[in-house]
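Engineer: I'd like to go over a predicted model; first the sequence, then the structure.
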2 protein chains.
Amino acid sequence: MSPRKSVTETAATRTRILECALASASADGLEGVTIGRLAAELEMSKAGVIGHFGTKEALQLAVLDTAVDRFVQRVPARAVGARPGTERLARAFGEWIDYMAEDGRGCFLTSVGTEFDDRPGPVRDAVIAALSRWSAYVLDEIRTAVDSGELPQDTDPDQLAFELDGVVLATAQAVRLHHDPLATTRARRTLARLLPS
Amino acid sequence: MSPRKSVTETAATRTRILECALASASADGLEGVTIGRLAAELEMSKAGVIGHFGTKEALQLAVLDTAVDRFVQRVPARAVGARPGTERLARAFGEWIDYMAEDGRGCFLTSVGTEFDDRPGPVRDAVIAALSRWSAYVLDEIRTAVDSGELPQDTDPDQLAFELDGVVLATAQAVRLHHDPLATTRARRTLARLLPS
DNA sequence: TTAGATTACGAACGTTCGTCTGCTTTTGGC
DNA sequence: GCCAAAAGCAGACGAACGTTCGTAATCTAA
C-alpha cells in the first residue's frame, strides 16, 4: 500500500502515535485514550498502533514518559542557568506557570495524578515517581536557600513545598477549568511572596 | 419475582444507586461509572438502574448533585455558627480539610473538575456552577473580613481566594495520591497564615 | 374494584473496547 | 541480491458499553 518508511521514519511513527495520544489524553484523560480512535486519527490500523507498545497500559506509560520528558525539557532545564536557591526555584516555577498557561494547557502530570490517585497500578506508580523527583528537586533547592540565608532559618522545607504545590494546582484549575486570564498574575504574586528574591 | 417496594422504598433505591455510583466515581472518576458494574454491585438489572435517570449523563449529574449536597451539609453548614469573616472562613476551610482527610477521601468536586476541565458539556457546566457558588461564598466572607478590619485593607479578595483554593487542592493531592498523614497539619498551618485570627 | 402510573425485569440492540492472528510489505545487514 | 526481522494491515475475537424494547409486578388514586 503506502510506501514503507526508513527505520528512522518508523521510529517517527512511534513518536507520531505518542503525540496524538498525548493530545487525546490531555482532553479525555489517560484512560480516555482508545486504540481505535488513535488509529482512526492517524489513519492506521489498530494493530499498527498498539504493535509499538504491546498493551494499552504500556502505551499509557509511554505517553506519561513523553509528558514528563517535555516537562523536564521545558521547566527545570530552563532553570539550570539560575543561581541555586530561591532564584532557581522562582525561575522553575515561573516557567511552569507559563507552560501551563500556554493554550490553557494546564499540567498533564498533575491531571493524571488526580485521575489515578485511587487506582493502584503501574500508571499511578509512575506518576508518583515523577512527582517525587520533582519534589526532591524542589526540596533540595529550598534547603540550599535556607542554608545560604535566602530563606529564614526556621523555614520548614516540606511546608514551603506544599504551598508551592498549591500554587501550581490552583493555577492549573484556574487555567483549564475557568479559563481565567488572571491566573498567571495571581500565581506569580503568590510565588513572589513565598520566594522573596 | 421479589416483592415490590413501597414508594418510599423505591425512592430509597434511587438513593442506593447514587451512593454506589458516588463511591464508584470517587475511585474511577465520573466517566468511569458504568451502568453494568452498578447493576452487578446492586444486584439489579441495567435497565432498573438507568431507568431512574434516563441516560448516563443524567446519572452523572445526579451523582454530582449528591456530592455537592454532602459537601454543603458538611462544610458550609458547620460554619454558619461562626462569626462572619475570618472566623467563618477558617471554620469552613478547616471542616473541608477534615472532610478531605477522612478515609483519604479527597474532594470529589475538584476531582471531577479536573476530569472534565477540557470536556464541554452539562457535567462541566454543573461543576463550574458549584465551584462558582463556593467561590462567591468565600469572596463574600473575605470582603466582610476586610470591611471589619480583620484582614488588611489592601487585601485582594480574588488573590486570597486563589491561594485558599491552592491549599485545598494541595491537600487533596497529598491525601489521595501520596497518603500523606501530615497533609492536614500543613494545610492548617497555611490556613492560619492566610486567615489570621 | 378498577385504571393508570411506576418500578424493575430479562433480553437484545448496535457500537466500541483491547487484544490477537495471519499475511503482506518494507527494511537493514550480509 | 538475499533473507531474517520488523512494520503495518485487515479482520475477527469475546467482552463490555449505553440504550431500548416488551412485559410482569406493584403501587396510587379514583
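Structural biologist: Looks like it came in fine.

Engineer: and A:A145, what pLDDT?
Structural biologist: Confidence at A:A145, expressed as pLDDT, is 98.

Engineer: what is the neighbour count of it?
Structural biologist: A:A145: 24 surrounding residues under other C-beta atoms under 10 Å in any protein chain shown. In short, each C-beta sits where N, CA and C put it, glycine included.

Engineer: how close does it get to A:T86?
Structural biologist: 5 Å (C-beta to C-beta, to the nearest Å).

Engineer: can you pull out the helices in chain A?
Structural biologist: A:7-28, A:35-42, A:46-50, A:56-74, A:86-101, A:108-115, A:122-147, A:157-176, A:183-194 (DSSP state H).

Engineer: and of these, who's closest to chain B?
Structural biologist: Set against chain B and scored by C-beta to the nearest C-beta, the helices of chain A come closest in helix A:157-176, at 3.1 Å.

Engineer: tell me the angle of that closest one relative to helix A:86-101?
Structural biologist: Between helix A:157-176 and helix A:86-101, the angle comes out at 30 degrees (axes from the mean of the first three to the mean of the last three C-alpha atoms, to 10 degrees).

Engineer: show me where chain A dips below the pLDDT cut-off.
Structural biologist: Where chain A drops to pLDDT under 70, the residues are A:1-9.

Engineer: care to break it down by domain?
Structural biologist: Following automatic domain parsing, one gets these domains for chain A: A:3-62, A:75-194.

Engineer: highest mean neighbour count out of those?
Structural biologist: Comparing the domains of chain A by mean neighbour count (mean count of other C-beta atoms under 10 Å in any protein chain shown), domain A:75-194 ranks first with a mean of 19.

Engineer: intersection of neighbour lists for A:A145 and A:T86?
Structural biologist: A:151, A:195 (C-beta atoms under 8 Å, 6 or more residues apart in numbering or on different chains).

Engineer: for DNA strand D, what's the nearest residue on chain A?
Structural biologist: Residue nearest to DNA strand D within chain A (C-beta to the nearest atom of the strand): A:G48, separated by 2.3 Å.

Engineer: who touches that residue in this structure?
Structural biologist: Counting by C-beta under 8 Å, 6+ apart, A:G48 makes contact with A:A39.

Engineer: how far away is the residue lying closest to A:T171 once chain neighbours are set aside from A:A172?
Structural biologist: In space, and not counting its chain neighbours, A:T171 is closest to A:A187: 4.4 Å by C-beta to C-beta, 6 or more residues apart in numbering or on different chains. Per C-beta to C-beta, A:A187 is found 10 Å from A:A172.

Engineer: A:V127 and A:V112 touch, don't they?
Structural biologist: Yes. Taking C-beta atoms under 8 Å as the definition, A:V127 is a contact partner of A:V112 at 5.4 Å.

Engineer: joint contacts of these two?
Structural biologist: A:L64.

Engineer: looking at the domains of chain A, which is closest to DNA strand C?
Structural biologist: Of all those, domain A:3-62 comes closest under C-beta to the nearest atom of the strand, at 2.0 Å.

Engineer: chain center to the closest one, what's the gap?
Structural biologist: Relative to the centre of its chain, domain A:3-62 is centred 19 Å away, using C-alpha atoms, centre = their mean, to the nearest Å.

Engineer: next: stretch A:177-185.
Structural biologist: Using C-alpha atoms, centre = their mean, the offset of stretch A:177-185 from its chain centre is 18 Å.

Engineer: same check, this time on stretch A:120-136
Structural biologist: 11 Å.

Engineer: now check that stretch, is it near DNA strand C?
Structural biologist: No. Under the criterion of C-beta under 7 Å from any atom of the strand, DNA strand C is not reached by stretch A:120-136; the shortest gap measures 12.1 Å.

Engineer: CA atoms only: put that stretch into PDB for me.
Structural biologist: In PDB, the C-alpha atoms belonging to stretch A:120-136 read as follows (Å, rounded to 0.1, in the frame of the first residue of the first chain):
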ATOM      1  CA  PRO A 120      -3.300   1.400  42.100                       C
ATOM      2  CA  GLY A 121      -1.100   0.100  39.300                       C
ATOM      3  CA  PRO A 122       2.000   1.000  37.200                       C
ATOM      4  CA  VAL A 123       0.500   4.200  35.900                       C
ATOM      5  CA  ARG A 124      -0.100   5.500  39.400                       C
ATOM      6  CA  ASP A 125       3.300   4.400  40.500                       C
ATOM      7  CA  ALA A 126       4.900   6.200  37.500                       C
ATOM      8  CA  VAL A 127       3.100   9.400  38.300                       C
ATOM      9  CA  ILE A 128       4.100   9.300  41.900                       C
ATOM     10  CA  ALA A 129       7.700   8.600  40.900                       C
ATOM     11  CA  ALA A 130       7.800  11.600  38.600                       C
ATOM     12  CA  LEU A 131       6.200  13.900  41.100                       C
ATOM     13  CA  SER A 132       8.600  12.600  43.800                       C
ATOM     14  CA  ARG A 133      11.600  13.500  41.600                       C
ATOM     15  CA  TRP A 134      10.200  17.000  41.200                       C
ATOM     16  CA  SER A 135       9.500  17.200  44.900                       C
ATOM     17  CA  ALA A 136      13.100  16.200  45.700                       C
END
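
Engineer: that's all I had, so thanks and see you.
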